[in-house]
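Undergrad: Return atomic coordinates for the entry below.
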Amino acid sequence: MLTRDLFSIVLVGAFWGCTNPFLRRGAAAANKDDDKDVSQETKAEKKRHPNQEQSQQLSSLGSTVLSSLQNFRRFEVWLPYLFNQCGSLLFYYLLANSDLTVAVPVCNALSLVFSIVTSFYLGERLDKPIQAFVGAALVTGGVAICVASSFTDNEEIDNEGVPQPEL
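TA: Numbering: from 1, shown residues only. Model prediction:
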């Protein structure tokens, strides 16, 4: 495994993991505002038509899509989403150019670790903080084992990153 692949894997994990708490926070704020707007609209509608139900309702799928698209109007939602998708683009690059047996599990594991650490620094309440940090430490140890096992004893890597067989 090359150094640039390792750096890319860590970067993907950071993009995915660090944006998750921000996406969660932005979506919660958007839903809170939407619920407030809906309750005000419902009260106003009942005042105008107290005995008549709303004549048209969107299907549940349509209303879900509409509310999701409306969430993207908020800065707190689309900016973390943009960074998250940058991580996904880098991940697809990794899938094409690195060892899949290392890149995929390590990216996902690091995403979990970065998500826990970012949530902690943002002040989100962890239900079981000791277990979360022990789990993050175990995941980090597993990542170290995966990365170490990707370097084989019968290959030496020269300065340019090209594997050279032993003679």
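
Undergrad: quick one, strands of this protein?
TA: 155-157, 163-165 (DSSP state E).

Undergrad: The ones you listed: lowest mean pLDDT?
TA: Ranked by mean pLDDT, the strands of the chain end with strand 155-157 in last place, scoring a mean of 50.

Undergrad: how about C146, what does it touch?
TA: 102, 105-106 (Cβ atoms under 8 Å, 6 or more residues apart in numbering). Where you see a C-beta, it was placed from the backbone N, CA and C, and this is true even at glycine.

Undergrad: ok, now how distant is it from N20?
TA: Distance of C146 to N20, computed by Cβ to Cβ, to the nearest Å: 22 Å.

Undergrad: And the lowest mean pLDDT element among the helices and strands of this protein?
TA: The weakest-scoring helix or strand in the chain, judged by mean pLDDT, DSSP states H and E, is strand 155-157 (a mean of 50).

Undergrad: before we move on, the earlier item: are any of the contacts of C146 buried, and which?
TA: Neighbour counting by 16 or more other Cβ atoms under 10 Å classes 102, 106 among those as buried.

Undergrad: Serialize the contacts of C146 to a markdown table and add fields for distance to R74 and pLDDT.
TA: Shown next, in a markdown table, are these (distance: Cβ to Cβ, whole Å; pLDDT from 0 to 100):
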| residue | distance to R74 | pLDDT |
| --- | --- | --- |
| V102 | 37 | 84 |
| P105 | 33 | 87 |
| V106 | 32 | 88 |
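
Undergrad: Out of the contacts of C146, list just those in helices.
TA: Those of these mapping onto helices are 102, 105-106, per DSSP state H.

Undergrad: In CSV: those residues, plus distance to N31.
TA: Below are these laid out as CSV (distance: Cβ to Cβ, whole Å):
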residue, distance to N31
V102, 38
P105, 33
V106, 33
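
Undergrad: from those residues, which is closest to A136?
TA: A136 lies nearest to V106 out of the ones in helices among the contacts of C146, by Cβ to Cβ, at 14.0 Å.

Undergrad: ok, that closest one touching I9?
TA: Yes - counting by Cβ atoms under 8 Å, I9 is a contact partner of V106 at 5.2 Å.

Undergrad: surely R74 meets A30?
TA: Yes - contact criterion Cβ under 8 Å: R74 and A30 qualify, at 5.1 Å.
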